[in-house]
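Give the three-dimensional model of this entry:
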Amino acid sequence: MAYNFEYYAPTRVYFGRGEEKNTGRYIRRYGAQNVMLVYGGSSAGRSGLLDLIRQSLRDENIAFSEIGGVVPNPHLDKVYEGISLGRKNGTDFLLAVGGGSAIDTAKAIAYGLAEPEQDVWELYEHTRKAKKCLPVAGVLTIAAAGSETSKGSVITNEKTGSKRAYDDNLARPVFAIMNPEYTVTLPDYQTEAGCVDIMMHTMERYFTNGGNMEITDALAEGLLRTVMKNAVILHTDPQNYDARAEVMWAGSLAHNDLTGCGNDGGDFMSHKLEHELGGMFDVTHGAGLAAIWPSWARYVKASCLPRFVRYAENVMGVSLRGTDEEIAEAGIRAMEGFYRQIGMPVNMAELGIAPSDEQIREMAGRCMAACGGHTGSAKVLTEEDMVRIYTNAR
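Numbers count the residues shown, from 1 in each chain. Predicted structure coming up:
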């Protein structure tokens with residue numbers, strides 16, 4: 001039975017070739033006077049994208065400052081640096097140029113500037129809720145996190161190794177510019193890791209024991225099949241604009257809550273388990289998800305069997321005649337085959353890490369603390385359950 005839900009997706013999207021040239025004009029509509037550009041490494045500069053954006057801001061007589069050097073699994077220290085810069089320059093609007101790491105950093109800086117008397121890390125530790133946030137927008141160059149239209153952000157405290165998420169509609173971007181051309185130069189590993197992340201954002205909402213709607217399931221299954229098809233295309237034809245466009249738009253739809261309408265909010269334990277991998281080993285997020293998901297799936301499938309059977313048949317195309325358990329297992333094996341087809345790992349060894357028993361215990365303890373207790377929808381997990389999932393994923 002479908003649950004009551006509230007759907008809120010206010011981000012305006014400008015999609016397609018050349019839209020980045022209009023950035024300044026779009027920002028002007030929000031009355032911004034002093035913008036902070038937030039970006040990562042040198043790729044946005046080499047592509048000429050940053051120069052186009054700078055010129056579009058100058059054309060609209062909008063002042064701007066810049067903070068670069070955002071890394072994957074974005075760091076809290078960079079957030080603090082941005083807050084300090086923003087206070088100095090009177091920043092009133094954040095513009096991220098890049099992928100989820102840049103957008104998540106911009107969101108965190110926007111929280112910190114809006115409430116300068118508070119420590120922004122308290123939000124990610126869930127010891128308080130935000131009351132204000134400066135407006136944020138993004139020019140997307142990596143299809144993966146979905147942060148360009150979502151309420152979420154994830155920041156890593158590099159001093160403690162804690163990787164934590166904070167979700168609040170205050171930080172939903174006011175607009176997002178998406179030109180698939182700027183994803184063409186991504187390394188294949190990063191492209192495919194992004195495809196895994198996009199799929200997992202929908203799968204986390206799909207494998208639940210609380211509430212279902214046929215239309216939501218159909219949207220989710222169609223999105224998953226589309227991403228799989230185009231991930232395979234991009235693995236051998238990275239210049240394919242149409243495939244890039246399909247994946248980029250899917251990334252936004254996967255994480256703006258559309259594919260979870262009517263359920264209990266989703267499971268999200270694969271993400272939470274991976275966050276501890278990312279915090280401890282600094283692995284690529286999508287690849288970490290691929291490495292942990294098969295172990296999680298096999299551990300919880302008996303508690304969520306109808307959903308695993310439906311997934312096997314409707315997404316993975318399993319036509320096996322057998323018991324529900326056999327069909328579900330065939331779906332998991334098919335998923336592992338897809339991961340390997342696009343160069344993604346299916347366990348920690350293939351990911352290139354080998355956590356010790358002590359490290360697994362530490363990750364499970366941190367995950368339980370971050371969850372605030374037992375959590376999960378496909379199956380409610382205890383700390384000992386998490387230890388077993390990590391152990392089975394080695």
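
the strands in the protein, which residues?
12-15, 34-39, 63-67, 93-98, 136-140, 152-157, 162-167, 175-178 (DSSP state E).

mind saving the C-alpha coords of the fifth one as CSV?
The reference is to strand 136-140. Provided in CSV are the C-alpha atoms of strand 136-140 (Å, rounded to 0.1, in the frame of the first residue of the first chain):
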residue,chain,number,x,y,z
VAL,A,136,23.2,27.6,-4.1
ALA,A,137,23.3,26.7,-7.8
GLY,A,138,25.4,24.3,-9.8
VAL,A,139,27.0,24.0,-13.2
LEU,A,140,27.3,20.2,-13.5
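
how far does that strand sit from the chain's center?
Computed by Cα atoms, centre = their mean, to the nearest Å, the separation of strand 136-140 from the middle of its chain amounts to 14 Å.

circling back to that earlier point, mean pLDDT added to the strands of the chain, as TSV?
Below are those laid out as TSV (pLDDT from 0 to 100):
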stretch	mean pLDDT
strand 12-15	98
strand 34-39	98
strand 63-67	98
strand 93-98	97
strand 136-140	98
strand 152-157	96
strand 162-167	94
strand 175-178	98
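
Out of those strands, which is closest to residue 118?
Nearest to residue 118, of all the strands of the chain, is strand 162-167, at 12.8 Å by Cβ to Cβ. No exception for glycine: its C-beta is placed from N, CA and C like everyone else's.

Name the residues of the closest one that come out as buried.
162-166 (16 or more other Cβ atoms under 10 Å).

Parallel or antiparallel, which strands does it pair with?
Sheet pairing of strand 162-167 (DSSP bridges) gives strand 152-157 (antiparallel).

mind checking how far the residue positioned nearest the centre of the chain is from residue 197?
Nearest to the mean C-alpha position of the chain, counting by Cα atoms, centre = their mean, stands residue 145 at 2.7 Å. Residue 145 is 6 Å from residue 197, where distance means Cβ to Cβ, to the nearest Å.

shared neighbours of the two, which are they?
Listed as contacting both residue 145 and residue 197 by Cβ atoms under 8 Å, 6 or more residues apart in numbering are 100, 251, 285.

So which of those wins on neighbours?
residue 251 (32 neighbours; other Cβ atoms under 10 Å).

I'd say that residue and residue 198 touch.
Yes - the pair residue 251 / residue 198 is scored as a contact, 4.6 Å apart, by Cβ atoms under 8 Å.

Show me whatever sits in contact with both of these two.
Contact criterion Cβ under 8 Å, 6+ apart; residues shared by residue 251 and residue 198: 143-144, 146.

which one of those is nearest residue 354?
Using Cβ to Cβ, these come closest to residue 354 at residue 144, 25.6 Å.

The closest residue to the closest one other than its chain neighbours: neighbour count?
The spatially closest residue to residue 144, leaving aside those adjacent along the chain, is residue 194, at 3.2 Å (Cβ to Cβ, 6 or more residues apart in numbering). Residues lying near residue 194 (other Cβ under 10 Å) number 28.
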